[in-house]
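J.: Just need the structure, nothing else, for what follows:
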Amino acid sequence: MWYQELIQIFKIGGLRKKILFVLLVFAIFRLMANIPMPGINAENLEQFFARFKMMGLLSILTGGALSRFSIIMLGLGPYITAVIILQLLTMIFPQLEKMYKEEGEAGRRKFEQYGRILTIPLAVLQSYAMLSWFQRPPNPVIFPPFNFLQTITAISTITAGTVFLMWLGELISEKGIGNGVSLLIFAGIIASFPMSVFQAYQDVSVDPAKIPNYLLFFAMALVIITGVVLITEGRRNIPVSYAKRVRGNKMYGGVSTYLPMNINPAGVIPIIFAMSILLFPEMIVNFLGEAGGIMGNIAQNIAVFLANPWVKGILYFTLVVLFTYFYTAVTFDPKAISQNLQKMGGFVPGIRPGESTAKFIHYILNRVLLIGALFLALIAVMPSIVGGLTGVANVFNFLIGGTSLLIVVSVVLETMRQVNAQLQMREYETF
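T.: Next up is the predicted model:
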């Protein structure tokens, strides 16, 4: 039973310390998320996020830190952006690709270090852009204009908050359980759950006729979450056999195994890309204001065009599908996999090693990826669909779709795997 496993977890000293450490870091993260920048107009801040719904979705990923204009308002966004940029640059610079894919653990560590370094200038640029946007007169003015010294202080504070979060994430990865960055994003998303429950309770108390809508909402949410788990855990296993090799007096190989291929190898990155592109015209319009010139007029026309929910939904769906294929092409190399199999004496039964194996893997990938891309796009637009059917949109968005749901499901599954591995290792040691 689950409660017996929970008791067993806290009986193991090393595992208990790791979990308590992660919970301590979560507490520090939530404390920082509730420390606002000085001089904020809370009423205008609320109006701003009521006006720009997409910014509200981005705020969910920071645990509400953005909507509170906290000192960690950017969350881990600059770090994630830096890693994505470096991964895309591997297509342009062969030396960077060699470091990332061929130099093993040492190359990965150097690649991660470049990501940390790139995070700082990105955090500076994003913090300056946010401060400028929130001070624009067409928007509800969140705080009065800063002088030069105040601007430098605010940018330094926000950048330091991002770097501190990045450090906390690395501490979790080193001393806790699971990937620290993913766990911090997970903590930020889940932090909104108690407030969502309270809002739902208030809504039902005021209007009991909404109870059937909420029941329908939760029924649909359970179906969607089940589908996300199945797709996240789904694999297409390609059979692989290894030739027998004799070394000295021993024989190696001669075994059969599988090469697992994820149905959704791109994760949540395509949704983030698509969301950024849809948000970009609106950001330009509000950043440039009335003096935007030709570029501002073009961006304004695009923003008006995207204001239609049908147009926005169809474009969002299409962009997610396209970016799923694009990002998978960047990060997944069938040719490199076939070469590695050939070096280790492995082959796909009935397929020639080398180029033919690469083509076969690419053939399988394209067909598996179609299912993953369509499902990911459906999850991205699901909040609008379910909200329209039930009338309870923006209450439990992370339960029904988008980046938040995928992150929550992925982190929970990965953490469960690591905890079970620790428990099994303990059983082996006892045996």
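
J.: what's the average pLDDT for stretch 409-429?
T.: Stretch 409-429 carries an average pLDDT of 76.

J.: do the same with stretch 131-139
T.: Taken as a whole, stretch 131-139 has an average pLDDT of 66.

J.: With stretch 381-400 instead?
T.: The average pLDDT for stretch 381-400 rounds to 63.

J.: and the helix or strand where T232 lies, which residues are buried?
T.: Assigned by DSSP states H and E, T232 falls within helix 211-233. Using 16 or more other CB atoms under 10 Å as the test for burial, helix 211-233 gives N213, Y214, F217, F218, M220, A221, I224, I225, V228, I231, T232. All C-beta atoms are positioned from the backbone trio N, CA, C, and that covers glycine.

J.: so what secondary structure elements neighbour that helix?
T.: helix 193-206, helix 355-390, helix 397-400, helix 402-430 (3 or more CB pairs under 8 Å, 6 or more residues apart in numbering; DSSP states H and E).

J.: closest to Q126 out of those helices?
T.: helix 402-430 (17.6 Å; CB to CB).

J.: still on that earlier bit, quick one, which of the helices and strands packed on helix 211-233 is nearest to L15?
T.: Closest among the helices and strands packed on helix 211-233, using CB to CB: helix 402-430, at 5.1 Å.

J.: and the angle for that closest one with helix 355-390?
T.: 120 degrees (axes from the mean of the first three to the mean of the last three CA atoms, to 10 degrees).

J.: re earlier: tell me which of the buried residues of helix 211-233 is nearest to I172?
T.: Nearest to I172 among the buried residues of helix 211-233: T232, at 21.1 Å, using CB to CB.

J.: correct me, but the closest one touches G267?
T.: No: counting by CB atoms under 8 Å, T232 stays clear of G267, with 9.1 Å between them.

J.: got any residues that touch both of the two?
T.: L406, S410 (CB atoms under 8 Å, 6 or more residues apart in numbering).

J.: tell me the domain boundaries of this structure?
T.: By the assignment in automatic domain parsing, the chain contains the domains 18-191, 211-265+332-431, 269-329.

J.: Now tabulate those in a markdown table and tack on distance to F10.
T.: Shown next, in a markdown table, are the domains of the chain (distance: least, CB to CB, whole Å):
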| stretch | distance to F10 |
| --- | --- |
| domain 18-191 | 8 |
| domain 211-265+332-431 | 11 |
| domain 269-329 | 35 |
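
J.: and of those, who's closest to Q8?
T.: Across the domains of the chain, Q8 has its closest neighbour in domain 211-265+332-431 (6.3 Å, CB to CB).

J.: what's around the closest residue to Q422 other than its chain neighbours, how many residues?
T.: Nearest residue to Q422 in three dimensions, chain neighbours excluded: L15, at 5.1 Å (CB to CB, 6 or more residues apart in numbering). Neighbour count of L15, defined by other CB atoms under 10 Å: 19.
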